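Engineer: With the sequence up front, the predicted model follows.
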Amino acid sequence: MPAQTILSKEEKAKVTSAIPKGSNKLWIASLARIYYAYPNPNEWSYAGLQGGLAFAKNSQGILQFKLVDLDGTRGVIWEHELYQNFDYFQDRPYFHSFPGDVGLSSVALLYRN
């Protein structure tokens, strides 16, 4: 993954085609990787997922993170809903974490710089 956060014109086009405007309001997108702190909550592990991370609101008004495959044609490869009372932490300038789904201690987003 390139050492930058800004998406190229082509990458932006992939994100917007994978997250259609008719059913989503897209606010921002950046290059990112997904990490999990599971099974050990004190140790981060790379999940093998990277791409264009978008912050979007779907047609039901639900806020979500959506990770779009920029290297292939898989579209949205990961998503996480921002539920009521969502805890979000900026651990470092480019490392953000929050509680994950059932069975996952935490999820972190590493924005490339």
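Structural biologist: Right, received. Where do you want to start? All of these numbers come straight from a predicted model, not from anything done at the bench.

Engineer: Which parts of this protein are strands?
Structural biologist: 24-36, 45-58, 63-68, 76-81, 89-92, 95-99, 106-111 (DSSP state E).

Engineer: strand partners of the third one, parallel vs antiparallel please.
Structural biologist: Spelled out, it's strand 63-68. strand 45-58 (antiparallel), strand 76-81 (antiparallel) (DSSP bridges).

Engineer: which secondary element of the protein has the worst mean pLDDT?
Structural biologist: strand 106-111 (a mean of 66; mean pLDDT, DSSP states H and E).

Engineer: ok, and for stretch 86-105, which residues are buried?
Structural biologist: Residues of stretch 86-105 classed as buried by neighbour count (16 or more other Cβ atoms under 10 Å): His96, Ser97, Gly100. The way it works is simple: take the backbone N, C-alpha and C, and place the C-beta from them, glycine included.

Engineer: and what of stretch 28-35?
Structural biologist: Applying a neighbour-count criterion of 16+ other Cβ under 10 Å, the buried positions in stretch 28-35 are Ala29, Ser30, Leu31, Ala32, Arg33, Ile34, Tyr35.

Engineer: Kindly report the same for stretch 67-84.
Structural biologist: In stretch 67-84, counting by 16+ other Cβ under 10 Å, buried: Leu67, Val68, Asp69, Leu70, Val76, Ile77, Trp78, His80.

Engineer: Turn those residues into CSV, columns for pLDDT and distance to Gly61.
Structural biologist: Below are the buried residues of stretch 67-84 laid out as CSV (pLDDT from 0 to 100; distance: Cβ to Cβ, whole Å):
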residue, pLDDT, distance to Gly61
Leu67, 94, 21
Val68, 96, 21
Asp69, 96, 26
Leu70, 95, 27
Val76, 95, 18
Ile77, 95, 23
Trp78, 93, 21
His80, 91, 16
